[in-house]
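*Asks:* Got a sequence here, can you model it:
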Amino acid sequence: MNIILIGMRGAGKSKISRRLSVLTKRDVLSSDLLIQYDNAGKSIPEILADNAGDWRAFRDMEYATLQKICALDGNIIDCGGGIIVDVDEDGSEIYSERKIELLRQNGRIVWLKGDIPRLAAKVKGDAKRPSLSETKSAEEVMMRRLPFYEKAADIIIDIENLSKKELTAQVHEEISKYL
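*Replies:* Numbers count the residues shown, from 1 in each chain. Take a look at the predicted model:
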């Protein structure tokens, strides 16, 4: 069974997955890093620029990457913040049944839930993170995604006021009930 971490930008998924790896002796697979690997090491903003800012194309890359990741067992999967969405014909984000179905086939999904204004402020201006929308603020996009995260999650952990060590211990304790 895989341990899958989802959450908004800045929630600490990558740091917690690495700490959890030490505790559980499991490898970490990052969906974003694997997409970058498949695109000659380009950053996510560069990949988007190469695709004329087409988030739908990126979500399809994400799905293809998940097909590879989810064929493996016993790992920690560090998901990009938008793993729970796809893009419809109108360009709007919708809940991604296909990606969540893949993740659920062989894992438990842990949502690292955080305060949206704090997370939006934390990642604001980070050049490694592409703009989520031409018309909406990051905070607005994150608010719209809340029900998608909740629907996808098997376990919800509030990250606020916890150190990385405390958060890792809580994730480990909750996920251990399924291992």
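
*Asks:* hang on, D154 packs against R108?
*Replies:* Yes. If you go by CB atoms under 8 Å, D154 and R108 touch, sitting 4.7 Å apart. Where you see a C-beta, it was placed from the backbone N, CA and C, and this is true even at glycine.

*Asks:* Contact partners for L29?
*Replies:* Neighbouring residues of L29 by CB atoms under 8 Å, 6 or more residues apart in numbering: 69, 72, 75-78.

*Asks:* picking up where we left off before, give me the common contacts of D154 and R108.
*Replies:* Y178.

*Asks:* neighbour-wise, which of those two wins?
*Replies:* Set D154 next to R108 and count neighbours by other CB atoms under 10 Å: R108 wins out with 18 against 15.

*Asks:* and that one, that one's in a helix?
*Replies:* No. Going by DSSP: H, G, I helix; E, B strand; the rest coil, the assignment for R108 is strand, not a helix.

*Asks:* In CSV, list the C-alpha atoms belonging to stretch 165-179.
*Replies:* Output of stretch 165-179 as CSV, limited to C-alpha atoms (Å, rounded to 0.1, in the frame of the first residue of the first chain):
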residue,chain,number,x,y,z
LYS,A,165,8.3,16.7,13.5
GLU,A,166,4.8,16.7,15.2
LEU,A,167,3.1,16.7,11.8
THR,A,168,5.2,13.7,10.6
ALA,A,169,4.4,11.8,13.8
GLN,A,170,0.7,12.5,13.4
VAL,A,171,0.7,11.4,9.8
HIS,A,172,2.6,8.2,10.7
GLU,A,173,0.2,7.5,13.6
GLU,A,174,-2.9,7.9,11.4
ILE,A,175,-1.5,5.9,8.4
SER,A,176,-0.3,3.1,10.7
LYS,A,177,-3.9,2.2,11.3
TYR,A,178,-4.0,1.0,7.6
LEU,A,179,-0.6,-0.7,7.3
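
*Asks:* Now do the buried residues in it.
*Replies:* For stretch 165-179, the neighbour count (16 or more other CB atoms under 10 Å) marks 167-168, 170-172, 174-175 as buried.

*Asks:* before we move on, what about stretch 34-54?
*Replies:* 34-36, 44, 47-48.

*Asks:* Among those, which are located in helices?
*Replies:* 34-36, 44, 47-48 (DSSP state H).

*Asks:* So which of those residues is the closest to G91?
*Replies:* L48 (13.6 Å; CB to CB).

*Asks:* Am I right that the closest one is in contact with F58?
*Replies:* Yes. Between L48 and F58 there is a contact at 6.0 Å, judged by CB under 8 Å.
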